[in-house]
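Visitor: Take a look and give me a structure for this.
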Amino acid sequence: MSTLRLTRPDDWHLHLRDGAALKAVLPFTAARFARAIVMPNLTPPVTSTAQARAYRERILAAVPGGAHFEPLMTLYLTDHTTREELSAARASGFIHGVKLYPAGATTHSEAGVTDVARLDGVLEHMAELDLVLQVHGEVTDAAVDVFEREARFIEAVLQPLAERHPRLRIVFEHITTKAALQFVLGARAGIAATVTPQHLLMNRNALFEGGLRPHHYCLPVLKSEPHRAALLEAVAGGTPRLFLGTDSAPHARNTKEVACGCAGIFSAHAGIELYAEAFEAAGALGKLEGFAAFHGADFYRLPRNRDTLTLSREPWQVPAHYPYGTDVLVPLRALGRIPWRVVPSA
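Guide: A predicted model of the protein is given here:
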């Protein structure tokens, strides 16, 4: 197959940052995806409907001319989120979920939730409003091995939460392990997960190829080959419980190549092309459209897109970096090659 035409996809987990950073990265996403769930972990975090509205306006102002892109906004869940704020979010029409970051779990998660069990009243109200809970699924206990934090989170937090709130729709973000697959695929109705391109294409060896590779460092961290292979097999099987979420997370090079670098991989420059590479490797290109364009829209109860996107099998070399404010941004596969290319619309 040399050409692949898809219903235009959506990105159900994306970091756009703000200001100059937003203007630098948004064109990559807008060229590929019709919509994206935008993460709220700015500094300060997006905790109110008013803040989400203002952020949405800044995103729309940064959309390149001629592009058609809709940001789907989220709120940042804290220990102090109120039912009234959730009601306002639901009434807004542009907020589609609430993000649970365990405090300290990842970038800009310091204001996150310290004990989710204390928020049962808020979560029950979310279920009544039919607001989706989006979960960063890792425990933050320093005594837990970094490669086991996702599995421990399922046992200690997510499984009990799902049982306590049987009507709450939950997206388990950027899953990385067999344990997460087992949980999602065997869960009650209303539970799904996003899967990133890096967790389909790379295992933890990629962190050490020819030396320490800071631009391959993300959270949840890359896992061993059996976990990567299991994820790829699952998405290739076409289950509607799994859908596209790049978790593209831009950081300036000078914040990655330091003694204590930021977690996050920038993949928006090839946000659909990398998935095509993974699905082709699995012999499942025919399943890519459902994963990229149907499953997420159906879960979020939004209409499927009607326009299309075309990929051509034309290998191209990724630049060493892209402009990013006063610094540069190193993309996934920098100076490497990607076999698929988006064909511009006529």
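Visitor: isn't L75 right up against N41?
Guide: No - applying Cβ atoms under 8 Å, one finds L75 not in contact with N41, separated by 11.0 Å. The C-beta positions use only the backbone N, C-alpha and C, and glycine is treated the same way.
Visitor: The nearest residue to V328 once chain neighbours are set aside: how many residues sit nearby?
Guide: Taking Cβ to Cβ, 6 or more residues apart in numbering, and ignoring the residues beside it in sequence, V328 has H321 as its nearest neighbour in space, at 3.9 Å. Neighbour count for H321, taken as other Cβ atoms under 10 Å: 16.
Visitor: List the buried residues of stretch 276-284.
Guide: Residues of stretch 276-284 classed as buried by neighbour count (16 or more other Cβ atoms under 10 Å): 276-280, 282, 284.
Visitor: Also stretch 114-122?
Guide: Neighbour-count burial for stretch 114-122 [16+ other Cβ under 10 Å]: 116, 119, 122.
Visitor: just stretch 134-154 next, same as before
Guide: Result for stretch 134-154 [16+ other Cβ under 10 Å]: buried residues 134-140, 144, 147, 149-154.
Visitor: what's the closest of those to M126?
Guide: Q134 (10.9 Å; Cβ to Cβ).
Visitor: Now do the contacts for the closest one.
Guide: 13, 37, 74, 97-100, 170-171, 173 (Cβ atoms under 8 Å, 6 or more residues apart in numbering).
Visitor: From I37, how far out is it?
Guide: 7 Å (Cβ to Cβ, to the nearest Å).
Visitor: Are there residues contacting both of the two? Which ones?
Guide: 13, 74, 97.
Visitor: Phi, psi for E57 please.
Guide: Backbone torsions of E57, given as degrees, to the nearest 10, read phi -60, psi -40.
Visitor: what does R118 give?
Guide: phi -80, psi -10.
Visitor: how deep is the residue lying closest to it once chain neighbours are set aside tucked in, by neighbour count?
Guide: Nearest non-adjacent residue to R118, counting by Cβ to Cβ, 6+ apart: D79, 7.0 Å away. When neighbours are defined as other Cβ under 10 Å, D79 has 14 of them.
Visitor: what residues are up against D79?
Guide: 113-115, 118-119.
Visitor: just those now: which is nearest D327?
Guide: V113 (31.5 Å).
Visitor: For this structure, which segments are assigned as helices?
Guide: 19-30, 49-62, 83-92, 120-129, 149-153, 159-164, 178-185, 197-201, 225-236, 253-256, 273-281, 288-289, 295-299 (DSSP state H).
Visitor: so can I have CSV of those showing distance to P331 and mean pLDDT?
Guide: Putting the helices of the chain into CSV (distance: least, Cβ to Cβ, whole Å; pLDDT from 0 to 100) gives the following:
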stretch, distance to P331, mean pLDDT
helix 19-30, 9, 98
helix 49-62, 19, 98
helix 83-92, 33, 98
helix 120-129, 35, 97
helix 149-153, 25, 96
helix 159-164, 35, 96
helix 178-185, 26, 98
helix 197-201, 12, 98
helix 225-236, 20, 98
helix 253-256, 11, 98
helix 273-281, 10, 98
helix 288-289, 21, 98
helix 295-299, 23, 98
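Visitor: No more questions from me, cheers.
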